[in-house]
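Engineer: what follows is a protein structure lacking sequence information:
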């Protein structure tokens, strides 16, 4: 996992202004290299001058180094490690694959300069000074103090105490401090019965910044839909000392605080969480689950909009011998092309095209029914009159299939009534439909075909893309 805080290596990074990976400094195209390294379980991906460890990160009082050496010619012959700035080197345990292992007992509070040299069977050697860094084991109170603040933030969040929470956020908070405060307000307004159970995986000190890596289990209830959602993932927070106490300095995604403002608050993404289903709050205030992406912004984009509104014009005229003619195509308003009366569920409203709520106007067989229009919806969908005349007035519809009338096959279709709102439940989403005009005429043929059918109707619609019966 990459550290949320990229630390500079003295003047080199200050001059370059760029993030540097530790292994870039131990790399030489004409020599073996140390391709991977972890120290006390920490992946050395970013260059650091000094790595501070806590005593409980040691195993049996020893610092454990694991890594992998690689070469372009021959094979690896040896990996040598120095913990005293190159004065003495010892052999690490080396496997044929290039994986190596080394451990040593540090002197408490003494800075050990770590150097590693890789030697291949052709006699070539890497530069042990490239990528060297210091590490120290310092027994201090920062770990306990940081965890106390972490637990206090959990307590204040559950209590929905915004002022108390923000008092423990650093003025130098790496994300947007104002967005975090607004995100907390949105969380408090839209989430209820919040249950958070974190499990600490690691607490580390990197350049005076205390990083807390943890796994969490979470359960919340959406006030909008009353649905209960759960998620589980891994993430990271960091803390810095301000005055006499530690305060929240940064948060990686997935967030457990201020989830409604992830894109503005999170400064990185915990790599191991990518692909997890995590909690998010939409612009409409609905709690939903989205897939954790490689960036906080990409994750937040999945909640841009969950309700799509629009108008459909249905115009159909044909000569047919069918006893139950269906209008074959409609024009989706504001779109140039003509399509079947169908909606596609998409993650974003801007990507909505064609697809999953198929609702067609039909004229019944005049031999068995009076002239007029009926709804016919796609197989597996259900439709019902909800006793409303305004789409905007409908905030929530039933999620119980028993409340919906079966609208397939056509002989069970629902009569179109102008001005009434119908709720449609499909296997993947909910929709509201209202006919504002509906003129369906049938001209019987003279003896023998053809028959003339004319359908002219306008429908308003709203679709809930998050499979949620709420239309707030």
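Structural biologist: Ah, there it is. On a predicted model such as this, the values are computed, not experimentally measured, just so you know.
Engineer: quick check on residue 57: phi, psi?
Structural biologist: phi -90, psi -10 (degrees, to the nearest 10).
Engineer: who's the closest spatial neighbour of it, skipping the chain neighbours?
Structural biologist: residue 40 (4.5 Å; Cβ to Cβ, 6 or more residues apart in numbering). For every residue, glycine as well, the C-beta is placed using N, CA and C.
Engineer: I'd guess residue 85 is in a strand, am I close?
Structural biologist: No. Residue state for residue 85 (DSSP: H, G, I helix; E, B strand; the rest coil) corresponds to coil; a strand is not indicated.
Engineer: pretty sure it contacts residue 115?
Structural biologist: Yes. Residue 85 is within contact range of residue 115, at 6.7 Å (criterion: Cβ atoms under 8 Å).
Engineer: neighbour count winner among these two?
Structural biologist: Neighbours were counted for residue 85 and for residue 115 using other Cβ atoms under 10 Å; residue 115 has more, 21 against 15.
Engineer: secondary structure element for that one?
Structural biologist: Applying DSSP states H and E as the criterion places residue 115 in strand 112-120.
Engineer: by contact count, what packs against that strand?
Structural biologist: With contacts taken as 3 or more Cβ pairs under 8 Å, 6 or more residues apart in numbering; DSSP states H and E, strand 112-120 sits against strand 33-39, strand 63-70, strand 76-82, strand 133-137.
Engineer: next helix or strand past the shortest one?
Structural biologist: Scanning the chain past strand 133-137 towards its C-terminal end, the next helix or strand to appear is helix 142-158 (assignment: DSSP H and E).
Engineer: what sits up against the helix or strand following that following helix?
Structural biologist: The element immediately downstream of helix 142-158 (helix or strand, assigned by DSSP H and E) is helix 162-166. Applying Cβ atoms under 8 Å, 6 or more residues apart in numbering, the set of residues contacting helix 162-166 from outside is 153, 156, 157, 177, 180, 181, 184, 185, 188, 257.
Engineer: Provide a PyMOL selection command restricted to the buried entries of those residues.
Structural biologist: In PyMOL syntax, the buried subset of these is picked out as below (16 or more other Cβ atoms under 10 Å):
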select buried, resi 153+156+157+177+180+181+184+188+257
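Engineer: hmm, which two among the contacts of helix 162-166 are most spread apart?
Structural biologist: The distance between the two most remote of the contacts of helix 162-166 (Cβ to Cβ) is 17.0 Å, for 177 and 188.
Engineer: if we can go back for a sec, got any residues that touch both of residue 85 and residue 115?
Structural biologist: Jointly contacting residue 85 and residue 115 under the rule Cβ under 8 Å, 6+ apart are residue 132.
Engineer: any idea which of the contacts of helix 162-166 is closest to residue 301?
Structural biologist: The nearest member of the contacts of helix 162-166 to residue 301, counting by Cβ to Cβ, is residue 180 at 19.1 Å.
Engineer: how is this protein carved up into domains?
Structural biologist: Using automatic domain parsing, the domain parsing of the chain gives 10-137, 142-301, 307-464.
Engineer: pLDDT of the last one, averaged?
Structural biologist: What domain 307-464 shows for mean pLDDT is 64.
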